[in-house]
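[1] need a structure here:
(chains A and B)
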2 protein chains.
Amino acid sequence: MPQGRLLYAQSGGVTAVINATASAVLATARAHKVPALWAKNGILGALREEFHDTRKLKASEIKALAHTPGGAFGSCRFKLKSIEQDRGKYERLIEVFRAHDIRWFLYNGGNDSADTSLKLSMIASEVGYPLTCVGVPKTVDNDLVGTDCCPGFGSAAKYTAVSVAEAALDIAAMADTSTRVFVYEVMGRHAGWLAAAAGLAGQGEDAAPHLILFPERPYDEARFLARVDAVVKSVGYCVVVVSEGIRHADGRFVAEAGGKDDFGHTRLGGVGPLLAQRCKDVLGLKVHWTVPDYLQRSARHLASKTDLDQAMAVGKAAVELALAGKNGVLASIQRVSDAPYRWKVVPQPLADIANHEKTVPADFIREDGFGITAAARRYLAPLIRGEAPPPYGRDGLPHYPRPQLPLLPRLLPEWTG
Amino acid sequence: MPQGRLLYAQSGGVTAVINATASAVLATARAHKVPALWAKNGILGALREEFHDTRKLKASEIKALAHTPGGAFGSCRFKLKSIEQDRGKYERLIEVFRAHDIRWFLYNGGNDSADTSLKLSMIASEVGYPLTCVGVPKTVDNDLVGTDCCPGFGSAAKYTAVSVAEAALDIAAMADTSTRVFVYEVMGRHAGWLAAAAGLAGQGEDAAPHLILFPERPYDEARFLARVDAVVKSVGYCVVVVSEGIRHADGRFVAEAGGKDDFGHTRLGGVGPLLAQRCKDVLGLKVHWTVPDYLQRSARHLASKTDLDQAMAVGKAAVELALAGKNGVLASIQRVSDAPYRWKVVPQPLADIANHEKTVPADFIREDGFGITAAARRYLAPLIRGEAPPPYGRDGLPHYPRPQLPLLPRLLPEWTG
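    Take a look at the predicted model:
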């Protein structure tokens, strides 16, 4: 049995399957007889010395995490800066790890947490504290480099494709006397991966979504409106999917274009409502819009089986990499083949990953900028395959237990950070 | 074998299960060897003489309708006025029915279509044309009187409760450093049934949704903000569900309160974004909001089994009532008992139903106006029970076929409206 404890923490926006990664981490640590702590609210829990001892979780509770969305013991939006700027925090972390005999640290997140894991491994090495840091990928935005895809994305992608397909049938039925243009706003501030995934809902230019607007392409209102008009004339209605982060050619977010209201507040609503309003005002068409917001990243009821499998595989691999002393790596997903879809988990140096951002490549976006290519379909299609519904109770609701654990007693003075 | 043909049409906003009703209608008609026509785009198809002959559908296509959302051959928002005002249209309908030997008319919709069915049966009787009109209930708003519930509502209710539960887990995980207030806007312009259904997501005042705002109660911003503030202080975050149709005490829609923008357009966005903005501005809290819009009424992937069963039962019963000559009735759902939940389909006179609206009764809304009572739970709980997922393809998407049928040749001069 190895010496010391393993610490697991979640970072950034949670997903439908990040707890599935946690489930695999805990089960694998347990199989290796390594005691695992879980930091409350991500790295903040480590700074504040707020830890849950997962040895108190029943095996059934660990198993149930695999079908429970959200982050069971909290996540955080908290970015540690450079070692120069935040040395005090990094040293505090090492002090806390030393006090609790934490020898392995698994940080489950996106770009920021890869950066934090890397810097922690550097500080530990600098001060001679034996710590192995392993990053575990997660983000619905799919914008992490060094991994073929990110757990969390496949389920959000499936949610998006299914929801667009369902809403499109509604619009098709009503278009004769009601809504002609439907605008669906997806997450993705800088990368249009979820927008691209919507493209899986239909095949061909006449199938919904008829237009996809990517943050990778500048927004041109005249071209957009002309295309909506043409689609409505030929198909009878038009389903538009827009990434929240689309920008004008000069770099301004389109969502900011509306300016301030009478009270000086930034105009309400995102880019979806704004585009719908333009279709109404300029084209005179009846419009509706949706902003699914957090629903798209928490819809465990519609998880992709592929995504779930990958979320659990990176959790298991991360523990194994950590125990094998692979320091400063990400448990990343490598695609072996498209058809049949094959993949494996391999270590990637965090140094190659931290603070980069993977946007949708040019050859995934159709020439006209309004759809996806066959190459995009080859990449995306396997990620939404397979269903993995949670168990439902007799009440008709999914069984989403919220495990409760007390905090371990503090061993150090309170962090005043 | 009875003489003549049966005509089926869909009206108003479509639902996740209205095609399931259609499926049962067609299967039952076929079992009785009655040829069934399906009007394109609801009653407009009858006025325009646009009919599909469903005898050309394969049995497998009829079966697949039961798991396909939307309205397979279109619906419409088109209200016929009083017989005095619209006599020409009613007479045109009788003329079309006579030309196509339509003896039974099944109109699947809400209040307006119940009214249309009733008036058509009156006109037919007046002119001595042998026609049996039967209403078939449908609406996600659940606001039809004379039926315990409306097919379509149970599935939208389940979608709402599940989505609120999932999003709440997301907020709970992030509240320490991110979103504190999440506002979820549900459909329901005049009746708060879907808002009430959100209450099934949690039990007790500390469970999400922490506040529900009903159109049945006047909106008081000061009380609302005070309650959000108190919930955030005690729970750490607050999930608000708001019905799109909430109003100020003076009757104005809250969603209209924002007035016009700089261009003179009515402010974008619904009441959800508006309430979120107020929480941000007044309470200084980080907020997010969602407007699921059509997703909530088309989410066949999350249909309630109870709802699906009822959608099919009213379709079957409507054909049987029609063939038995029960004219001017609605195939309505009667609750026999809450626990165990038992129900049956019974005929209700359309005259008692048309143009009434069933809002959420006072004893279903908690004294403070922000939640549901035990009586509401007794009513709502059975309606979301059971899962009835559609079949999924190997591509990870639900199998939603769109049957294609040619239009029958016209027998009369074109309708010029």
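[2] Not counting its neighbours along the chain, what's nearest residue A:17?
    For residue A:17, ignoring the flanking residues on the chain, the nearest one in space by C-beta to C-beta, 6 or more residues apart in numbering or on different chains is residue A:311 at 3.9 Å. In this view, the C-beta of every residue, glycine as well, is placed from N, C-alpha and C.
[3] Verify the stated contact: the one you found with residue A:152.
    Yes. Contact criterion C-beta atoms under 8 Å: residue A:311 and residue A:152 qualify, at 7.1 Å.
[4] what residues do the two have in common as contacts?
    Common neighbours of residue A:311 and residue A:152 (criterion: C-beta atoms under 8 Å, 6 or more residues apart in numbering or on different chains): A:15, A:17-18, A:138.
[5] farthest-separated two in those?
    Based on C-beta to C-beta, the longest span within the shared contacts of residue A:311 and residue A:152 runs between A:17 and A:138 and measures 8.2 Å.
[6] which of those two has more neighbours?
    More neighbours surround residue A:17 than the other of residue A:17 and residue A:138, with 33 against 30 (other C-beta atoms under 10 Å in any protein chain shown).
[7] Tell me the confidence at the more buried one?
    pLDDT for residue A:17: 98.
[8] For chain A, give me the ranges with low pLDDT.
    Residue ranges of chain A with pLDDT under 70: A:1-2, A:257-269.
[9] buried residues in the helix ranked longest in it?
    When chain A is parsed with DSSP state H, its longest helix is helix A:153-174. Judged by neighbour count (16 or more other C-beta atoms under 10 Å in any protein chain shown), helix A:153-174 contains these buried residues: A:153-174.
[10] what lines up beside the next helix-or-strand element following that helix in the sheet?
    Going down the chain from helix A:153-174, the next helix or strand is strand A:181-186, by DSSP states H and E. For strand A:181-186, the paired strands and their directions (DSSP bridges) are strand A:238-243 (parallel), strand A:287-290 (parallel).
[11] Tell me how far the following helix or strand past the first one lies from the chain's centre.
    The C-terminal neighbour of strand A:238-243 among helices and strands, as given by DSSP H and E, is helix A:271-283. In terms of C-alpha atoms, centre = their mean, to the nearest Å, the centre of helix A:271-283 is found 28 Å from the chain centre.
[12] by contact count, what packs against helix A:271-283?
    Counting contacts by 3 or more C-beta pairs under 8 Å, 6 or more residues apart in numbering or on different chains; DSSP states H and E, helix A:271-283 packs against strand A:181-186, helix A:221-235, strand A:238-243, strand A:287-290.
[13] contacting residues for the closest residue to residue A:55 other than its chain neighbours?
    Spatially, and ignoring its direct neighbours in sequence, residue A:55 is nearest to residue A:35 (5.7 Å; C-beta to C-beta, 6+ apart). By C-beta under 8 Å, 6+ apart, the contact set of residue A:35 is A:5-6, A:29, A:53-55.
[14] I'd guess residue A:52 is in a strand, am I close?
    Yes. With DSSP: H, G, I helix; E, B strand; the rest coil as the criterion, residue A:52 is part of a strand.
[15] Count the residues that sit near it.
    Per other C-beta under 10 Å, the neighbour tally for residue A:52 reads 23.
[16] That concludes my questions; thank you for your assistance.
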